[in-house]
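Asker: here's a sequence, model it:
(2 chains)
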2 protein chains.
Amino acid sequence: MKISTILRDGPDGPRPRPVAVLTDDEVVIDLRVAERRRLEAEGATSEAALRLAAALVPPSLARSIASGPAFLDRAADAIVAHDAQAMIPFDEVTWAPAIDPPMMIDGSAFEQHLVNAHARGKREVPDLFYEVPVYYKMNPVTVFGHEQTVPWPGGAAFMDYELEIAVVIGREGRDLRPEEALEHVLGVTVMNDLSARDVQAREMTAGFGPAKGKDFGTALGPWITTLDELALDDLTMLARVNGEEWSRGSTSTLTWSLAELVAYVSRNEVVVPGQVIGSGTVGLGCGLELFRKLRPGDVVELEIEGIGTLRNTLAEPSSTRWDPTPKERRASVTLPFREGAGTGGSGEGR
Amino acid sequence: MKISTILRDGPDGPRPRPVAVLTDDEVVIDLRVAERRRLEAEGATSEAALRLAAALVPPSLARSIASGPAFLDRAADAIVAHDAQAMIPFDEVTWAPAIDPPMMIDGSAFEQHLVNAHARGKREVPDLFYEVPVYYKMNPVTVFGHEQTVPWPGGAAFMDYELEIAVVIGREGRDLRPEEALEHVLGVTVMNDLSARDVQAREMTAGFGPAKGKDFGTALGPWITTLDELALDDLTMLARVNGEEWSRGSTSTLTWSLAELVAYVSRNEVVVPGQVIGSGTVGLGCGLELFRKLRPGDVVELEIEGIGTLRNTLAEPSSTRWDPTPKERRASVTLPFREGAGTGGSGEGR
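Answerer: Got it, this is the predicted structure:
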């Protein structure tokens, strides 16, 4: 099954609608409409059918997924029912982000990208990347969908894409083992982890991880393919810029499996329905590794076998309204003297 | 005005309820009950009054705040009305996290903490902390309230608190200047940025920022004090462990103002209602700077003048179910040769 989110016009303006996607027919099925009509056909009044359908299919795919089989089984029913009244052809669809994640995380599970990216910074890959599947937290508020224009943040000079596969959590879990992690994954989608390389390089010096270099926007889509429809072990991954192939890779080169990554993310915390966890960039899956930069207006297409093609156009550079004025160094160390200081812990606070 | 979230029992078990807090009377006002009764007194039927009150006061303070004055003015009315039927005395209250943030961020705006913490790691504070108000993204899913027991994550040896003031966004904003940033802030609360120092020290070597060292839990509360009730420039900040004072500081020692921090967070992205932005730890505001560690069962109280005292008990250490098996280094650099390579950009991908 393939599911996503589109925008539909109504008296309150464009609103998100969860959909099933039929790629062969090039149509989507509006799942609220399909469920409302199923209930009516069963004998519910129009009012009751709409009320129940609205509860099952709120204007959020993440919250829809949170109902579990109660939602997913009805979505599967809608595909079987194939009700023309609930269908919209692709060429009339305005895509939204495939999902509205309550939390979004990005791993770094492809060693080749790490090795290349660190080589450009003339550094070795830190040991930790080989010890655990390291990740950072993304901004879940600034997510873009298929065919949406993505921003060029103010102050950035070197814009880049990152070609990634992302898992979408279907079921809450905590402290999972890798062998049970995929039971908590609904499916996979394509992620373009857009990056402002010059901004990112500067901010990585603080050790707090990516922020302004990436938080301005991430693209997710065009839809989520559920795990029953594909094997994760060898999916071809492609990036094209203005139609020219820039990147080609495969999930077969993952150093950490997606199951290991999900299990690690769930360590001492929970993964929640709709949460998105990116794989990290496939080797040679970004311009940084190719000595190439994006330009305003470039059309970036990321394609993953078994999912589809996520296409976005890069906007013109925006401007900023405020630049911080640097502060002076003033404070000196005020650590209290302790007998045996330093043996207590090697921890480093921030 | 002071507002927060409590848990109330009902046929569906304990559910979150936004409340106004009257600290002098030591009572909270259930804002949905107060609004329902206000509407009934105005002439609405019970059914209509409950429907409207439920829309205005959903079981989420963040979503309530998103209504803006439509919600906040009614909360102020409820305090004036002082309806005994809507009140619950403090000693019958089960506190939830003061807010359920859709996004949570932590700055590092107190230089003294940075200088001390880096000195323990025998390092200088990177220049970037003086150039911009650096921040990292927290886990908004694992938030705890006043008087809740907070976890000791599996695998951690050195547990610590961090004494912080946090702003809560009231109104959406993008690319704000510092002089307009506080118009988008509803109020402030107390944040305990719980940290597993040994886990954090290890993971900071990857440059991706804090994750497992902090994402297991953060405490927020006991409530939010709106900005009209206090001046931010010199609030005393205290930490006590088992009743003993460990930390004492003041917002007067902030290097970056909270307005500058909020403005920077909004740069090239949006801040959203209910979003929490921590100040970073005040100087000497954690055990790392004092060569002291927390132990299981310790009671940590963080107090900020004009807000209140956030009290949490640290749980016994939990166990983990899976430890990653390290991977071998395999990949070698595959960067393509380019004429003039390296002049194109100094960016560093991850």
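Asker: quick one: low-confidence parts of chain A?
Answerer: Applying pLDDT under 70 to chain A flags the ranges A:338-350.
Asker: which residues in it form helices?
Answerer: Using DSSP state H, the helices of chain A run over A:31-42, A:46-56, A:61-65, A:69-81, A:111-120, A:128-131, A:178-181, A:197-203, A:258-265.
Asker: identify the spatial nearest neighbour of residue A:326, chain neighbours not counted.
Answerer: residue B:131 (4.9 Å; CB to CB, 6 or more residues apart in numbering or on different chains). Glycine gets a C-beta too; all of them are placed from N, C-alpha and C.
Asker: give me phi/psi at residue A:154?
Answerer: Main-chain dihedrals, residue A:154, degrees, to the nearest 10: phi -60, psi 140.
Asker: and it, how many residues sit next to it?
Answerer: A total of 19 residues lie near residue A:154 under the criterion other CB atoms under 10 Å in any protein chain shown.
Asker: okay but it is in contact with residue A:316, surely?
Answerer: No: taking contacts as CB atoms under 8 Å, residue A:154 lies outside contact range of residue A:316: 11.0 Å.
Asker: circling back: for the helices of chain A, give me TSV that also has mean neighbour count and distance to residue B:253.
Answerer: Listed next are the helices of chain A as TSV, based on neighbours: other CB atoms under 10 Å in any protein chain shown; distance: least, CB to CB, whole Å:
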stretch	mean neighbour count	distance to residue B:253
helix A:31-42	20	53
helix A:46-56	15	50
helix A:61-65	23	40
helix A:69-81	16	50
helix A:111-120	23	37
helix A:128-131	20	33
helix A:178-181	17	44
helix A:197-203	22	24
helix A:258-265	25	36
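Asker: let me have the ones you listed in CSV, extended by distance to residue A:1.
Answerer: Converted to CSV, these look like this (distance: least, CB to CB, whole Å):
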stretch, distance to residue A:1
helix A:31-42, 11
helix A:46-56, 16
helix A:61-65, 12
helix A:69-81, 6
helix A:111-120, 30
helix A:128-131, 34
helix A:178-181, 20
helix A:197-203, 36
helix A:258-265, 19
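Asker: who wins for proximity to residue A:222 among those?
Answerer: helix A:61-65 (13.0 Å; CB to CB).
Asker: dump the C-alpha coordinates for that closest one into CSV.
Answerer: Output of helix A:61-65 as CSV, limited to C-alpha atoms (Å, rounded to 0.1, in the frame of the first residue of the first chain):
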residue,chain,number,x,y,z
LEU,A,61,-1.6,11.3,8.3
ALA,A,62,0.5,10.9,11.5
ARG,A,63,-2.6,11.1,13.7
SER,A,64,-4.4,8.8,11.3
ILE,A,65,-1.6,6.2,11.5
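Asker: show me what that helix is packed up against.
Answerer: strand A:2-8, strand A:15-22, helix A:69-81 (3 or more CB pairs under 8 Å, 6 or more residues apart in numbering or on different chains; DSSP states H and E).
Asker: for that helix, give me every contacting residue.
Answerer: A:3-5, A:16, A:18, A:31, A:56-58, A:71-72, A:98-102, A:168, A:170, A:186, A:273-274 (CB atoms under 8 Å, 6 or more residues apart in numbering or on different chains).
Asker: rerun at 7 Å
Answerer: Here helix A:61-65 makes contact (CB atoms under 7 Å, 6 or more residues apart in numbering or on different chains) with A:3, A:5, A:18, A:57-58, A:71, A:99-102, A:170, A:186, A:273-274.
Asker: looking at these, state which has the most neighbours.
Answerer: Neighbour counts for the contacts of helix A:61-65 (other CB under 10 Å) peak at residue A:99, which has 33 neighbours.
Asker: quick one, domains of chain A?
Answerer: A:2-95, A:104-317 (automatic domain parsing).
Asker: end to end, how far does the last one reach?
Answerer: In this case it means domain A:104-317. This stretch, domain A:104-317, spans 25 Å end to end (CA to CA, to the nearest Å).
Asker: for the shortest one, same thing?
Answerer: Domain A:2-95 stretches 14 Å from its first residue to its last (CA to CA).
Asker: re the thing from before, of all the helices and strands packed on helix A:61-65, which one is nearest chain B?
Answerer: Among those, strand A:15-22 comes nearest to chain B, with 15.7 Å by CB to the nearest CB.
Asker: which elements pack onto the closest one?
Answerer: strand A:2-8, strand A:27-30, helix A:31-42, helix A:69-81 (3 or more CB pairs under 7 Å, 6 or more residues apart in numbering or on different chains; DSSP states H and E).
Asker: please redo it, this time with the cut-off set to 6 Å
Answerer: strand A:2-8, strand A:27-30, helix A:69-81 (3 or more CB pairs under 6 Å, 6 or more residues apart in numbering or on different chains; DSSP states H and E).
Asker: any idea how many residues pack against the closest residue to residue A:324 other than its chain neighbours?
Answerer: Among residues not flanking residue A:324 along the chain, residue B:132 sits closest, at 4.8 Å (CB to CB, 6+ apart). By the criterion of other CB under 10 Å, residue B:132 has 22 neighbours.
Asker: ok, residue B:132 to residue A:327 distance?
Answerer: Using CB to CB, to the nearest Å, residue B:132 is found at 10 Å from residue A:327.
Asker: cool, and residue A:109?
Answerer: 37 Å.
Asker: give me the more crowded residue out of those two.
Answerer: For residue A:109 and residue A:327, the more surrounded residue by other CB under 10 Å is residue A:109, and the numbers stand at 30 against 16.
Asker: so the more buried one makes contact with residue A:259?
Answerer: No: at 10.6 Å, residue A:109 and residue A:259 do not qualify as touching, with contact defined as CB atoms under 6 Å.
Asker: residue A:250: how many residues sit nearby?
Answerer: Residue A:250: 17 neighbours (other CB under 10 Å).
Asker: so it bridges to which residues?
Answerer: Counting by DSSP bridges, residue A:250 is bridged to residue A:236.
Asker: do the same with residue A:137
Answerer: residue A:105.
Asker: could you check how far it is from residue B:255?
Answerer: Taking CB to CB, one finds residue A:137 at 24 Å from residue B:255.
Asker: residue A:156 now?
Answerer: Going from residue A:156 to residue B:255 by CB to CB gives 26 Å.
Asker: sorry, back to before: ok, residue A:137 and residue B:255, which is more surrounded?
Answerer: Between residue A:137 and residue B:255, counted using other CB under 10 Å, the more crowded position is residue A:137 (27 against 22).
Asker: the more buried one against residue B:137, yeah?
Answerer: Yes: counting by CB under 6 Å, residue A:137 does reach residue B:137; the two are 4.2 Å apart.
Asker: quick one on the thing from earlier: dump the helices and strands packed on strand A:15-22 to a markdown table, plus distance to residue A:43.
Answerer: As requested, the helices and strands packed on strand A:15-22 are exported to a markdown table (distance: least, CB to CB, whole Å):
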| stretch | distance to residue A:43 |
| --- | --- |
| strand A:2-8 | 27 |
| strand A:27-30 | 21 |
| helix A:69-81 | 16 |
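Asker: possible to save these as CSV with distance to chain B?
Answerer: Formatted as CSV, the helices and strands packed on strand A:15-22 follow (distance: least, CB to the nearest CB, whole Å):
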stretch, distance to chain B
strand A:2-8, 17
strand A:27-30, 24
helix A:69-81, 17
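Asker: residue A:38: which of the ones you listed is closest?
Answerer: Using CB to CB, the helices and strands packed on strand A:15-22 put helix A:69-81 closest to residue A:38, at 6.6 Å.
Asker: orientation of that closest one relative to strand A:15-22 in degrees?
Answerer: Calculated by axes from the mean of the first three to the mean of the last three CA atoms, to 10 degrees, helix A:69-81 forms an angle of 60 degrees with strand A:15-22.
Asker: quick one: contacts of helix A:69-81?
Answerer: A:20, A:29, A:31, A:34, A:35, A:56, A:64 (CB atoms under 6 Å, 6 or more residues apart in numbering or on different chains).
Asker: let's see it at 8 Å
Answerer: With CB under 8 Å, 6+ apart as the criterion, helix A:69-81 contacts A:1, A:3, A:20, A:22, A:29, A:31, A:34-35, A:38, A:56-57, A:64-65, A:86, A:170, A:186.
Asker: tell me the one of the residues you listed nearest residue B:335?
Answerer: residue A:186 (36.0 Å).
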